[in-house]
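**Student:** Predicted model follows, preceded by the sequence.
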Amino acid sequence: MPRLSASDFMALKATVMRKLLEHHEKEYHCHVQFVRDIGVELARTHHADEQLIEIACLLHDIGRDQELPGEEHPETGARIVRELLTDTALTADEVELIAQCVKHHGEQSPDASIEEKIVLTADAASKVLYHEAFMLMCKKQTYEEKLAWGNKYLEKGYTKCAFEDYKQRIYPRYKQLRAIYDAVAARV
Ligand SMILES: [Fe+2]
Ligand SMILES: [Fe+2]
């Protein structure tokens, strides 16, 4: 049973989508929507709150290109999340849980909650399962740079998955992409 009513959740999602599309339309279409899809599926598997996971996944990269000096985008994102989600239907604890998921989406903390692991895994796995879509965001100029960029995120994405069974599930896709990159690199 979802905690928020359908109308409260719709209003919350409208707020989130407005903010997301304001600066991150490309990221939404090429990356964030896939992170959301994987996150919601993982939330079902791990009996986590699907609504909170969906909001956290939608907002996980909201800090990109909004960083203050000395900030990394996950910290920036957590700050924006706290501002954006205050005075919504969410409780203060729920807002903080989402902020923590956003803050730790790149590196797993030793005492990570199941929600943090889900968002981190969804972000990581999306770079493998939806690799071509992710590559549409690549700003590199030369094919050598694009090759290095793609390789880097393929490896990071596969390595960072926090759930071993999910990692095994995406392994065939990882292997297929790995083979393509290796074949190109071998002939350069
Ligand atoms: Fe990120
Ligand atoms: Fe991401």
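**Tutor:** Perfect, I can see it now. Ligands and ions are numbered 1, 2, ... in the order given.
**Student:** Now do the same contact list for residue 163.
**Tutor:** 42, 46, 117, 121 (C-beta atoms under 8 Å, 6 or more residues apart in numbering). Glycine gets a C-beta too; all of them are placed from N, C-alpha and C.
**Student:** swap the cut-off to 6 Å and go again
**Tutor:** Residue 163 sits next to residue 121 when contact means C-beta atoms under 6 Å, 6 or more residues apart in numbering.
**Student:** Repeat that for residue 44.
**Tutor:** Taking C-beta under 6 Å, 6+ apart, one finds nothing in contact with residue 44.
**Student:** Residue 65: helix or strand, and which one exactly?
**Tutor:** Per DSSP states H and E, residue 65 falls between elements, in no helix or strand.
**Student:** Please apply the same query to the one 5 residues further on.
**Tutor:** Residue 70 is located outside every helix and strand, with elements delineated by DSSP H and E.
**Student:** And for the closest residue to residue 147 other than its chain neighbours, the neighbour number?
**Tutor:** Computed as C-beta to C-beta, 6 or more residues apart in numbering, the closest residue to residue 147 that is not its neighbour in sequence is residue 184, at 6.2 Å. Residue 184 has 14 neighbouring residues, counting by other C-beta atoms under 10 Å.
**Student:** Read off the pLDDT value for residue 184.
**Tutor:** Reading off the confidence values, residue 184 has pLDDT 94.
**Student:** ok, and what's touching stretch 78-97?
**Tutor:** 4, 8, 12, 19, 52, 59, 62-63, 98-99, 102-103, 115.
**Student:** and of the residues you listed, the nearest to residue 140?
**Tutor:** residue 63 (21.7 Å; C-beta to C-beta).
**Student:** mind checking the backbone torsions on that closest one?
**Tutor:** phi -80, psi -10 (degrees, to the nearest 10).
**Student:** residues touching it, list them.
**Tutor:** 73, 76-77, 80 are the contacts of residue 63 under C-beta under 6 Å, 6+ apart.
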